[in-house]
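> here's a sequence, model it:
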Amino acid sequence: MDNQKPMQVVLIEDDTSACRKFMDCANGRTDIVFVGMTGSSNAGLEYVRNKLPEAVILDMELNWGEGSGLDFLEKFQKTDFSIRPIIVVTTRNRSELIQESLHEYGVEWVFCKKQKGYSPEMVINHLFKLRPFLYAVRHGGENSRLHTLETPEELKKRITLRIASELNAVGISTRFKGRNMIEEAIFLLVSKDKKDSEKIFNDLALKYKTHYNNIVRNIQSALHNAWNNNDLETLEKLYTAPVRKDLGAPSPTEFIHYYADKIRGSM
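Presented below is the predicted three-dimensional model:
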């Protein structure tokens, strides 16, 4: 089929009435799906990191929510996303100076909620006008099209980028050999649906021409470095499985299965 994939969008909006209108608009279409909806700037950032949406609709004020649109944009700019979505802002502020300044944060378009004819449908329709151009720029071709089914190469790239994003978030440094081994082990668990971590570690040992124990040791070193050199409170929010106190970090088996299950469940 040549029909376009539904556009995956995260909505950061604290007005429940506005959220309902966006949902009603999306429910009447087949070309858009909201994969996250929140009134919190921090939760919105997590949705973007975990869901890798194609676009974000951001309410600038968030008067009844948590944080603000500016708070989201500042953190968004400092975060290393493997895939950066289109961002459009909705606001009640008519100031052209403020609206112009938002473009410095990577905002593609600003909608004033008080402008004549404003509606969620207007915002969504504008996203679709931006979509072909931005997709072509990102993928290096003016005639690029989105297809309903992913090619194996597209699927592999999507999984790989998601794994890298998760490991970056918990601070697993690329300086460690174990970083690449973790990425490959998680990818095998997700894409091949393998359940036996011993088999995976043995496969990696053959690939790297080393012993099974060296694979485990390298992965454990990368994990210990992350857990010893990053904020534990943040790590506990990102990695919610229990960690044995005597180990001080997740075991290699626990870690790769945790993220394989997490990624597989959101694909």
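> tally of neighbours for residue 31?
14 (other CB atoms under 10 Å). Backbone N, C-alpha and C define where each C-beta goes, glycine included.
> correct me, but it touches residue 127?
No: counting by CB atoms under 8 Å, residue 127 is not a contact partner of residue 31; they are 10.0 Å apart.
> shared neighbours, these two?
Between them, residue 31 and residue 127 share the neighbouring residues residue 7, with contact defined by CB atoms under 8 Å, 6 or more residues apart in numbering.
> residue 84 and residue 49, how far apart?
Noted for residue 84: a distance of 11 Å to residue 49, by CB to CB, to the nearest Å.
> those two: which is more packed in?
Neighbour count, other CB under 10 Å: between residue 84 and residue 49, residue 49 has more, with 19 against 15.
> tell me if that one really is in a helix.
Yes: read with DSSP: H, G, I helix; E, B strand; the rest coil, residue 49 is one of the residues of a helix.
> distance check, it against residue 152.
According to CB to CB, residue 49 and residue 152 sit 25 Å apart.
> one more: residue 13?
Taking CB to CB as the measure, residue 13 and residue 152 are separated by 36 Å.
> okay, the two: which has more neighbours?
residue 13 (23 against 8).
> dump the residue contacts of that one.
Under the criterion of CB under 8 Å, 6+ apart, the neighbours of residue 13 are 19, 22, 37, 39, 57-59, 62, 65, 90.
> residue boundaries of the strands in the chain?
Across the chain, reading from the start of the chain, the strands by DSSP state E fall at 7-12, 32-38, 55-59, 86-91, 109-112.
> how about the last one: buried residues?
In other words, strand 109-112. Judged by neighbour count (16 or more other CB atoms under 10 Å), strand 109-112 contains these buried residues: 109-112.
> turn those residues into CSV, columns for distance to residue 250 and pLDDT.
Formatted as CSV, the entries for the buried residues of strand 109-112 read as follows, by distance: CB to CB, whole Å; pLDDT from 0 to 100:
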residue, distance to residue 250, pLDDT
109, 42, 89
110, 43, 91
111, 43, 92
112, 47, 91
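> just send those back as TSV, with distance to residue 172 too.
Conversion of those to TSV gives the following (distance: CB to CB, whole Å):
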residue	distance to residue 172
109	36
110	37
111	39
112	42
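> can you list the domain ranges for this protein.
Domain assignment for the chain, taken from automatic domain parsing, gives 7-139, 152-265.
> sorry, back to before: out of the buried residues of strand 109-112, which comes closest to residue 72?
Compare each of those with residue 72 using CB to CB and the shortest gap goes to residue 110, at 14.3 Å.
> most tightly surrounded among the strands of the chain?
strand 55-59 (a mean of 26; mean count of other CB atoms under 10 Å).
> what's in contact with that strand?
Under the criterion CB under 8 Å, 6+ apart, external residues in contact with strand 55-59 comprise 7-15, 18, 22, 44, 48, 65, 69, 72-73, 85-91, 107, 123, 127, 131.
> repeat the analysis, applying 6 Å as the threshold.
With contacts defined as CB atoms under 6 Å, 6 or more residues apart in numbering, strand 55-59 is touched by 9-13, 69, 85-90, 127.
> sheet partners, orientation included, of it?
Paired strands of strand 55-59, with direction, are strand 7-12 (parallel), strand 86-91 (parallel) (DSSP bridges).
> any idea how far residue 170 is from the spatially most central residue of the chain?
If you average the C-alpha coordinates of the chain and look for the closest C-alpha using CA atoms, centre = their mean, you land on residue 49, 2.6 Å from that point. Separation of residue 49 from residue 170 (CB to CB): 11 Å.
> tell me where the stretch 101-250 of the chain has helices.
In the stretch 101-250 of the chain, the helices defined using DSSP state H, counting those that start in this stretch lie at 120-139, 152-169, 177-191, 197-208, 212-229, 232-238.
> could you say which of those is packed most deeply?
Burial of the helices of the stretch 101-250 of the chain is given as mean neighbour count (mean count of other CB under 10 Å); helix 177-191 ranks first at a mean of 21.
> output it as PDB, nothing but the C-alphas.
As requested, C-alpha coordinates have been extracted for helix 177-191 and formatted as PDB (Å, rounded to 0.1, in the frame of the first residue of the first chain):
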ATOM      1  CA  LYS A 177      33.400  -1.600  25.000                       C
ATOM      2  CA  GLY A 178      30.400  -2.800  26.900                       C
ATOM      3  CA  ARG A 179      28.200   0.000  25.400                       C
ATOM      4  CA  ASN A 180      28.300  -1.600  21.900                       C
ATOM      5  CA  MET A 181      27.700  -5.000  23.400                       C
ATOM      6  CA  ILE A 182      24.700  -3.800  25.300                       C
ATOM      7  CA  GLU A 183      23.200  -2.300  22.100                       C
ATOM      8  CA  GLU A 184      23.700  -5.500  20.200                       C
ATOM      9  CA  ALA A 185      22.400  -7.700  22.900                       C
ATOM     10  CA  ILE A 186      19.200  -5.600  23.300                       C
ATOM     11  CA  PHE A 187      18.700  -5.500  19.500                       C
ATOM     12  CA  LEU A 188      19.000  -9.300  19.300                       C
ATOM     13  CA  LEU A 189      16.400  -9.700  22.100                       C
ATOM     14  CA  VAL A 190      14.000  -7.300  20.400                       C
ATOM     15  CA  SER A 191      14.400  -8.200  16.700                       C
END
